[in-house]
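Chemist: would you be able to build a 3D model of this:
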Amino acid sequence: METRRWTNPTQPQTLQIAVILLYINAVFGALSFTPIALALAAGQAGAAFGIANEKRWGYLLGLAVAVLGLLPFVLYILGSGVGSIFNLQLLISLIFPVALFALLIHPQSRDYQRIWFN
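Modeler: Got it, this is the predicted structure:
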């Protein structure tokens, strides 16, 4: 019998925190009610569910939505110049997207998904 779970306590801490961040980002993204934010929120929720159930597509989708979450910041910095990275509001806004990306590409997360995910 195959079980479906929302979180997986047997996974490494990096993946557990990434799953929780994906769910939190999905909830806040869904509250904005714009089509792009709703699509991104659906992707984040799907990625979190896939990672919790040890699916390789969930991990890849999580990486994709993490990169998409960083893309607006990168475009803003490139458009405004390198000096904009000293903007405190920008730095605070970057905390969760950078943390999510870092958690997913952490060696512990990559090794676990490479070995156990199907």
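Chemist: now what about stretch 10-28, what contacts it?
Modeler: Stretch 10-28 is touched from outside by 6-9, 41-42, 44-45, 47-48, 51-52, 54, 62, 65, 69, 96, 99-100, 103-104, 106, 108-109, 112-113, with contacts defined as CB atoms under 8 Å, 6 or more residues apart in numbering. C-beta: built from backbone N, CA, C; applies to glycine.
Chemist: which of the residues you listed count as buried?
Modeler: With burial judged by 16 or more other CB atoms under 10 Å, the buried subset of the contacts of stretch 10-28 is 41, 44-45, 47-48, 51-52, 54, 62, 65, 69, 100, 103-104, 106, 109, 112-113.
Chemist: tell me, how many residues neighbour Ile92?
Modeler: Ile92 has 9 neighbours, counted by other CB atoms under 10 Å.
Chemist: that one sits in which helix or strand?
Modeler: For Ile92, the enclosing helix or strand under DSSP states H and E is helix 88-93.
Chemist: ok, Pro9 next?
Modeler: Using DSSP H and E, Pro9 is not contained in any helix or strand.
Chemist: can you check Ile115 too?
Modeler: helix 107-116.
Chemist: packing partners for that helix?
Modeler: Judged by 3 or more CB pairs under 8 Å, 6 or more residues apart in numbering; DSSP states H and E, helix 107-116 is in contact with helix 13-30.
Chemist: check which helices and strands the helix or strand following the helix it packs on sits against.
Modeler: With elements assigned by DSSP H and E, the helix or strand that comes after helix 13-30 is helix 35-52. If you count contacts as 3+ CB pairs under 8 Å, 6+ apart, helix 35-52 packs onto helix 13-30, helix 56-80.
Chemist: now the last one against helix 13-30, angle please.
Modeler: The one in question is helix 56-80. Helix 56-80 runs at 60 degrees relative to helix 13-30, counting by axes from the mean of the first three to the mean of the last three CA atoms, to 10 degrees.
Chemist: contacts for helix 56-80, please.
Modeler: With CB under 8 Å, 6+ apart, helix 56-80 has contacts from 18, 22, 25, 40, 43-44, 46-52, 84-85, 90, 93-94, 97-98, 100-101, 104-105, 113, 117-118.
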